[in-house]
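Visitor: here is the input, now give the coordinates:
(chains A and B)
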2 protein chains.
Amino acid sequence: MSRNVDLIVKGGPVLTFDENDALYINGLVAVDKGDIVYVGEEMDLTEEFVAEDTVDVEGDLIMPGLINGHTHAAMSVMRGYADDLPLDRWLEDYIFPAEGMLMSDDMVYWGSLLSAAEMIRSGITTVADGYLFEASAVRAFRRAGMRAVCAQGIMEFPTPQWDDTERMFEVAREFIKTHVEKGASDLIVPALFVHSPYICTPDTYRRAKELAEKYDVRLFTHLAETEDEVRQVKERYDTSPVRLLEKEGVLSDRLSAVHAVWVDPEEIEILSEYGTAVIHCPGSNAKLASGTAPIVAYLEAGVPVGLGTDGPASNNRQDLFYEMDLCAKEQKQARKDPGVMKAKTVLAMALFLGAEALGLEERIGSLEAGKAADIIVMDLSRPHCSPLFNYPSHLVYTARGFDVKTSIIGGRVVYHWGRFYTFDESEVITKVFEIAGRLG
Amino acid sequence: MSRNVDLIVKGGPVLTFDENDALYINGLVAVDKGDIVYVGEEMDLTEEFVAEDTVDVEGDLIMPGLINGHTHAAMSVMRGYADDLPLDRWLEDYIFPAEGMLMSDDMVYWGSLLSAAEMIRSGITTVADGYLFEASAVRAFRRAGMRAVCAQGIMEFPTPQWDDTERMFEVAREFIKTHVEKGASDLIVPALFVHSPYICTPDTYRRAKELAEKYDVRLFTHLAETEDEVRQVKERYDTSPVRLLEKEGVLSDRLSAVHAVWVDPEEIEILSEYGTAVIHCPGSNAKLASGTAPIVAYLEAGVPVGLGTDGPASNNRQDLFYEMDLCAKEQKQARKDPGVMKAKTVLAMALFLGAEALGLEERIGSLEAGKAADIIVMDLSRPHCSPLFNYPSHLVYTARGFDVKTSIIGGRVVYHWGRFYTFDESEVITKVFEIAGRLG
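Guide: Okay, the predicted model is just below:
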């Protein structure tokens, strides 16, 4: 018996990250219509697959693509424009004025496409993005062939995209309506992003939440990022950021709280009870000296935690291999225990736990029949990855984004050995230099 | 007028890291007999150089090679063998037994050569190594064409290299005598490495210090790495590690103290007064949860601080781009101030300050006439490094070892675009897999 499929990936070990943590030594993944239809040992096949295309990985490691739980991809045009500053000065003196000068559909399109190149190159196959002009980010991720949760940003002051709050909600509603119609199998998943409790009012949070519920989309927000935010919220509302959102009815399993650094043990329990997810951005938090989020405690409390790079202007990388390593090391230091945040735990955050933190656990995060064919191939044969005792250790503490040889998203090979198949990287770089040049 | 030289590197900006922090936009470096004879704008040349070889960098960045102030290169054969464990269990249950099984001239040669490949590939042109069978590490670094401070290890218990303390000092004396004769222009600089105050006695420290003084070589030691070490030293000697070495007359400007995490403000002053250098290994300290060294305070006190990767079994990388970023981020977090440990400061530690911490400030750490021609070329044109506002930011927060295009050591091109010119990397990997395979 034989079965026609679109793609077969084989010729090396397959690390599935499924429930049984299965490793197939001479593995094979069969893909049809963007989804995985078989994962297992090649020799265990009971039906023959006849594939349109075959990727032979020549002994390299086949694994699920990584999930970047938070970025503002378009901000790549400001990468390295301002560093070594506190969050408030960085935002108010540099980033907001620069955005005022640059932000447009054009900037968001080319900046997001540049970030897509960086991310795909380093094994990220799904990104959760949040910015203004998000429809242009959608165009960029579609062109790149990248899976993306695209969250239209909401911040209630005049921006290059709107003059007042009413127009802002119109833009957001229009955005969601357009993209939600494409359905669950589409690479693009629309969502909403409310900036933060220090910039947005409780009323805005409530309205955004209602909009998210109406269209059944995910809601994101920056939350409890800095001590200063906690102080400001306390002054204005006489409560903490987490408790403010609880009081306003915004906490739910629809919400992904980004950062969530400054919380007390009771607030960790509150987030857990509501099923609210946390996205941890260790690189950005460290570069801005925002503090170390209590990730070990979140995981102990059963909070789904994903890993994010944050925007490339505050990190300045969008490489989850780098974030995984930093996450492990920071948590070990914070808990004074090298035994916490083991390599496998961090990988979970970049894979299936990260999927859960975006509400996408049915679609991505592991290699299993029925899930999307988001697959990367890792070349672990070079000097810096030799010898090889165990995969999780190498993936977290040794490998880098540059060890990714092939990226496959929704069954489509989008990158292989230095070459992007979906766009011309030099055109993107030229455009971004043009846009960034306006900052002079 | 024209002058014959061995090598010219030109065709791009030259970031010198000299006293004036000079940047030459269309720069040129001329090299003769391993040393730099000219650095400046190509158009400012008053004599014509006729070069045997020319490297045209085609717009890429020319800068000094990075200095890895501390590793145990041969431990690459145990990379990823044991992770996520405290220092004492990691050493006693895994690393020491594994070393007992594997350690030999052969293991040190191939392990060090593998590490040389990793380091050269990521822009490290000088390494300070400390291990047993160090004469074999010397052979490896010579073959790789890498500049290396090679410190024979001293730890007073029987090892595969000796049975008793007397034999240990004979081995060390022989090692230094052999290599010190080659003189200051040689790529290999001999030195001594006393393991630590928790493993070695005050008597051994004194004897090692006398030996180092007799031959005028540098002395290294692990010092105040963990809280547990401080406790043990306190119990045995009723004082702290730093004060113990002061009392025994071991502190001097000949000493490089590796780690130096657990010190009080007075001890920082003591180290500063003696001119003792510190080598900071942020990746290793974080992975073992040893704590965050007070680097900002060391620098304020005028202590020369270099950056080290530590051995590849406890990091598990030997890539200073990675360490620079982590150093900046950890110090910002520890001081709750994103303004400390700016990109330029971290670069200094990986370059001229790091040279000073090894007593090599006259030879390396910046591109200046009279210094050794240790030069790297950085390709900052790829998506993850675009756009480009300023070099220090990109070098610390954005670039990675894989952005190194060319490595030149002592005027010799040892690596260019994926190819090692001094050895066959696949032979090295094969040998290391054979050796590591004995661990089963």
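Visitor: what segments of the stretch 101-250 of chain A are helices?
Guide: For the stretch 101-250 of chain A, the helices defined by DSSP state H, counting those that start in this stretch occupy A:105-121, A:134-144, A:165-180, A:202-215, A:227-237, A:241-247.
Visitor: quick one, the fourth one and helix A:227-237 angle?
Guide: Orientation of helix A:202-215 against helix A:227-237 (axes from the mean of the first three to the mean of the last three Cα atoms, to 10 degrees) gives an angle of 100 degrees.
Visitor: out of the helices of the stretch 101-250 of chain A, which comes closest to B:Leu61?
Guide: Proximity to B:Leu61 (Cβ to Cβ) singles out helix A:105-121 among the helices of the stretch 101-250 of chain A, at 19.0 Å. (Glycine included, C-beta is placed from N, CA and C.)
Visitor: coming back round to it: same list, the helices of the stretch 101-250 of chain A, but as a markdown table with mean pLDDT please.
Guide: Below are those laid out as a markdown table (pLDDT from 0 to 100):
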| stretch | mean pLDDT |
| --- | --- |
| helix A:105-121 | 98 |
| helix A:134-144 | 98 |
| helix A:165-180 | 93 |
| helix A:202-215 | 97 |
| helix A:227-237 | 97 |
| helix A:241-247 | 98 |
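Visitor: return the most buried member of the ones you listed.
Guide: Counting by mean count of other Cβ atoms under 10 Å in any protein chain shown, helix A:105-121 has the highest mean neighbour count of these, with a mean of 27.
Visitor: chain B: which of the helices of the stretch 101-250 of chain A is closest?
Guide: Of all these, it is helix A:105-121 that lies closest to chain B, at 3.9 Å by Cβ to the nearest Cβ.
Visitor: domains for chain A, by residue range?
Guide: Following automatic domain parsing, one finds the domains of chain A at A:2-64+A:373-420, A:66-356.
Visitor: any chance of those in a markdown table, with distance to chain B too?
Guide: Output for the domains of chain A, formatted as a markdown table (distance: least, Cβ to the nearest Cβ, whole Å):
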| stretch | distance to chain B |
| --- | --- |
| domain A:2-64+A:373-420 | 4 |
| domain A:66-356 | 4 |
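Visitor: ok, now which ones touch the residue lying closest to A:Leu251 once chain neighbours are set aside?
Guide: The shortest distance from A:Leu251 to any non-neighbouring residue, by Cβ to Cβ, 6 or more residues apart in numbering or on different chains, is to A:Tyr274 (4.0 Å). Neighbour list for A:Tyr274: A:246, A:251-253, A:255 [criterion: Cβ atoms under 8 Å, 6 or more residues apart in numbering or on different chains].
Visitor: about what we covered before: so which of the domains of chain A is the most packed in?
Guide: Each of these was scored by mean neighbour count; the highest is domain A:66-356, a mean of 22, by mean count of other Cβ under 10 Å.
Visitor: so what's the gap between it and the chain middle?
Guide: 8 Å (Cα atoms, centre = their mean, to the nearest Å).
Visitor: what's the first-to-last distance across that domain?
Guide: 13 Å (Cα to Cα, to the nearest Å).
Visitor: kindly report the same for stretch A:148-167.
Guide: Stretch A:148-167 has its terminal residues 25 Å apart, counting by Cα to Cα.
Visitor: repeat for stretch A:309-328
Guide: Stretch A:309-328 end-to-end distance (Cα to Cα) = 14 Å.
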